[in-house]
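Chemist: just to be clear, the model below is a prediction. Sequence and coordinates:
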Protein chains: 2
Amino acid sequence: MTDTGSKKKANLRDVARESGFSVATVSRVLNTPDIVNATTRKAVQAAIDALHFVPSAAARSINSGRSHVVGALVPTLDNAIFSKFLGALEAKLSAHGLSLVVATTGGDPDVEAQKAQGLVDIGAEALCVSGVTHSPEFDHLVARTRMPTIATSFYQEDYRYPTIGYDNAGASRKALEFLWTKGHIHIAVLHGPTEQNDRMHARLSALQEHENIINFKTEMTFAGGGEAVSALLRSAPHITAILCLSDVLALGASFELHRRKVQIPDQMSLIGIDDLPSSACAFPAITTVRLPAHEMGILTADAIAQWVEQDAVPEPRLIDTTLIIRESA
Amino acid sequence: MTDTGSKKKANLRDVARESGFSVATVSRVLNTPDIVNATTRKAVQAAIDALHFVPSAAARSINSGRSHVVGALVPTLDNAIFSKFLGALEAKLSAHGLSLVVATTGGDPDVEAQKAQGLVDIGAEALCVSGVTHSPEFDHLVARTRMPTIATSFYQEDYRYPTIGYDNAGASRKALEFLWTKGHIHIAVLHGPTEQNDRMHARLSALQEHENIINFKTEMTFAGGGEAVSALLRSAPHITAILCLSDVLALGASFELHRRKVQIPDQMSLIGIDDLPSSACAFPAITTVRLPAHEMGILTADAIAQWVEQDAVPEPRLIDTTLIIRESA
DNA sequence: TATGGCTATGATACCGGTTACAAGGTTGCA
DNA sequence: TGCAACCTTGTAACCGGTATCATAGCCATA
């Protein structure tokens, strides 16, 4: 009788014994059912079911040399820009028959290196990181393992990994120039921490040489945006526009401006960067520079698939950013 | 000489040959370095470095029987409630030495079943799904593979998988009752699609038996919330409060109310469910029922770790929801 | 009847690690 | 000197699949 209620899991040999056929035939039933006799197939299937046989992924991938897993390292899932990216990445990777394992770093390069090692340990075939600032340990790991690695959210032609991303500096410059065309002179730039965040750093750097611009650093949260506005209204009441280096900050700022009955854009213009879903819908709708996180996810997935499938190292890829003029500026 | 620039990747035997020691010794250097002679260890390490040797995760896990990977199936990453959950889940799983592979289903049970199969194929040790509505294929897969599976975002004592989640019906009842205590009679309930979304369904069902309540179904987006408000203001101008079955809808509604210069809460009260980060910060701050997605992630990670590590099937776990009274109602 | 070409299946080497067991070389102590 | 205990290291079996090659059985054609 079939031992339906057995304890340990069955393997191919168990199924072979149970069905009376050979391991080769069982393997064929699993992989190329068409070439096995229908009667045989039925019998083997019955044994498979009876034994609750589940083929071992490890044993399979030891032969194929493939795990079909790629790892992504992102600072956080709390910021919608990364969720958007990961959502697209996962969808497209899935279409390529690849699975996505995500690891969050909290923006800490050491954690990134450590989690990257974890991804190597589970057999990831490729890595995807955010930005271009990484710890020496991370770079060493990639060099040592020769792991296909793509850096995203940033474009840099000659970077040591292929980059797929946008021109962060250009995006903030685009926003600033738009404010200028609207006649704004005294502008506050609201940004999150730039340490260990090269995207933010690049956006901020592009704005550094200009006069009449006040930089204000705050936490990268809605609340951070709000607090910054409170402080700014007190310390620099002459500003007429706020350039937020992330839509998260812009939305937080917008809330605080409402709270303080400051009219947007009549009394204060507001512009962001990212184009999160909420920005289009907010009141007033937030003018912003769109970073195509979704497209970036798709392109990254395609590039990774090409790399692991055809061993084709992808070209760096610059994705255009677009100024989306809405109501807030 | 060491062939540093070789094409194919090296394996343990290559390292053994290169270093002049046996595979067993090389393996020891990798796993229990302390028990091998320092000189030997150095030599083996040198060979490892020279050959760019990276141990195969597949070969390892074929012996240990473990992949250290768990899979999570979520409807989407676009809703912050899932990002929040996944963020916590990943962090805690990582602390347990487990990696998280995420798969999005778009809320489609068939896709869920298909992606679950994908997770099995890559050797996931456990599964985590949202809600209690799944396709027969999914249930069959879990039954067949005997995969440790936890259902989240929902609590149901006697469900076929252990559940870790909250009382969705109770949450919406809590919100409704709060509106009643505030004297509201004519209330609109704003909800997303309930097909294939049992959380939403449960929240809505809890409200069905009452009079003076208008249900309005819309898309589960910010825009959806806004559009619903527009329609509602026209078709049911007598309502004094809107109960949104998700904070996403509440925020969208809030934007639209602002746009239409409807004062919150003076002319229209607004209450949500979720407690997304934006709700606390919005203007006016949105009163809501907090669903502890973060805590749910932690508890789920712990439960999964217990299950795969000690084979302990977790008890169902109800997580309390809390009414957070802020400004909007 | 012999030969060729199929189809269906089996035996077994192999992938790249881990690990049980064996064994050689020291060292320690009676 | 004799033998045990220990420290290192090696040999080979094993994990659970895949894939190659061999072979048995069958039908068709010459």
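Modeler: Arrived safely.

Chemist: would you mind listing what in the stretch 201-329 of chain A touches DNA strand D?
Modeler: Residues of the stretch 201-329 of chain A lying near DNA strand D by CB under 7 Å from any atom of the strand: none. Every residue, glycine included, has its C-beta placed from N, CA and C.

Chemist: next one: phi and psi at A:Asp274?
Modeler: Phi and psi for A:Asp274, reported as degrees, to the nearest 10, are phi 140, psi -50.

Chemist: quick one: contacts for it?
Modeler: Applying CB atoms under 8 Å, 6 or more residues apart in numbering or on different chains to A:Asp274 gives the contacts A:Ala80, A:Ile81, A:Ser246, A:Asp247, A:Val248, A:Thr288, A:Val289, A:Arg290, A:Leu291, A:Ala293.

Chemist: kindly report the same for A:Lys84.
Modeler: A:Leu276, A:Pro277, A:Ala293, A:His294, A:Gly297, B:Leu77, B:Asp78.

Chemist: try it again with 7 Å
Modeler: Contact partners of A:Lys84, counting by CB atoms under 7 Å, 6 or more residues apart in numbering or on different chains, are A:Ala293, A:His294, B:Asp78.

Chemist: top of those residues by neighbour count?
Modeler: Counting neighbours by other CB atoms under 10 Å in any protein chain shown, A:Ala293 comes out on top of the contacts of A:Lys84 with 26 neighbours.

Chemist: sorry, back to before: and the contacts of A:Asp274, which of them are in strands?
Modeler: A:Thr288, A:Val289, A:Arg290 (DSSP state E).

Chemist: below-threshold pLDDT in the stretch 151-300 of chain A: ranges please.
Modeler: Under the criterion pLDDT under 70, no range of the stretch 151-300 of chain A is flagged.

Chemist: which one (most neighbours) among the ones in strands among the contacts of A:Asp274?
Modeler: Counting neighbours by other CB under 10 Å, the top entry in those is A:Thr288, with 30 neighbours.

Chemist: do you know the pLDDT at the residue in the stretch 51-200 of chain A that DNA strand C sits nearest to?
Modeler: Closest contact between the stretch 51-200 of chain A and DNA strand C, by CB to the nearest atom of the strand, is at A:Ile62 (4.2 Å). If you check A:Ile62, the pLDDT there is 95.

Chemist: sorry, back to before: ok, and which of the contacts of A:Asp274 reach chain B?
Modeler: The subset of the contacts of A:Asp274 within reach of chain B, counting by CB under 7 Å from any CB of the partner chain, consists of A:Ala80.

Chemist: show me where the stretch 151-300 of chain A has its strands.
Modeler: Using DSSP state E, counting those that start in this stretch, the strands found in the stretch 151-300 of chain A span residues A:163-165, A:187-191, A:213-217, A:241-244, A:269-274, A:287-290.

Chemist: out of these, the one nearest B:Leu257 is which?
Modeler: With CB to CB as the criterion, B:Leu257 lies closest to strand A:269-274 of those, at 19.4 Å.

Chemist: pick the one among the contacts of A:Asp274 closest to chain B.
Modeler: A:Ala80 (6.9 Å; CB to the nearest CB).

Chemist: so for the helix or strand containing A:Ala103, what's the average pLDDT?
Modeler: If you go by DSSP states H and E, A:Ala103 is part of strand A:99-104. The predicted model gives strand A:99-104 an average pLDDT of 98.

Chemist: is that strand anywhere near chain B?
Modeler: Yes - using CB under 7 Å from any CB, strand A:99-104 reaches chain B at A:Ser99, A:Leu100, A:Val101, A:Val102, A:Ala103, A:Thr104.

Chemist: ok, that strand: who's next to it in the sheet?
Modeler: Strand pairing for strand A:99-104, using DSSP bridges, gives strand A:69-74 (parallel), strand B:99-104 (antiparallel).

Chemist: next SSE after the last one?
Modeler: Meaning strand B:99-104. Following strand B:99-104 toward the C-terminus (DSSP H and E): helix B:109-121.

Chemist: buried ones in that next one?
Modeler: Under the neighbour-count criterion of 16 or more other CB atoms under 10 Å in any protein chain shown, helix B:109-121 has B:Pro109, B:Val111, B:Glu112, B:Ala113, B:Gln114, B:Lys115, B:Ala116, B:Gly118, B:Leu119, B:Val120, B:Asp121 buried.

Chemist: which residues touch A:Leu270?
Modeler: A:Leu270 sits next to A:Ile242, A:Cys244, A:Ala250, A:Ala253, A:Ser254, A:Ile264, A:Ile286, A:Ser328, A:Ala329 when contact means CB under 7 Å, 6+ apart.

Chemist: spatially nearest residue to the closest residue to DNA strand D within chain A (excluding sequence neighbours)?
Modeler: Of all residues in chain A, A:Leu12 sits closest to DNA strand D, at 2.9 Å by CB to the nearest atom of the strand. Among residues not flanking A:Leu12 along the chain, A:Val23 sits closest, at 5.0 Å (CB to CB, 6 or more residues apart in numbering or on different chains).

Chemist: pLDDT value on that neighbour, please?
Modeler: At A:Val23, the model reports a pLDDT of 96.

Chemist: what is the burial count for it?
Modeler: A:Val23 has 14 neighbouring residues, counting by other CB under 10 Å.

Chemist: got a list of what it touches?
Modeler: A:Val23 neighbours (CB under 7 Å, 6+ apart): A:Leu12, A:Arg13, A:Ala16.

Chemist: same deal with A:Ser130?
Modeler: Here A:Ser130 is in contact with A:Leu73, A:Val74, A:Pro75, A:Thr152, A:Ser153 (CB under 7 Å, 6+ apart).

Chemist: how near is it to chain B?
Modeler: Separation of A:Ser130 from chain B (CB to the nearest CB, to the nearest Å) stands at 15 Å.

Chemist: what does A:Leu190 give?
Modeler: Using CB to the nearest CB, which is the criterion applied here, A:Leu190 is 15 Å from chain B.

Chemist: can you give me the helices for chain A?
Modeler: Assigned by DSSP state H, chain A shows helices spanning A:12-19, A:23-31, A:38-51, A:57-64, A:80-95, A:109-121, A:136-145, A:168-181, A:198-205, A:222-235, A:247-259, A:277-281, A:293-310.

Chemist: next, the angle helix A:38-51 makes with the second one.
Modeler: Here helix A:23-31 points in a direction 90 degrees away from that of helix A:38-51 (axes from the mean of the first three to the mean of the last three CA atoms, to 10 degrees).
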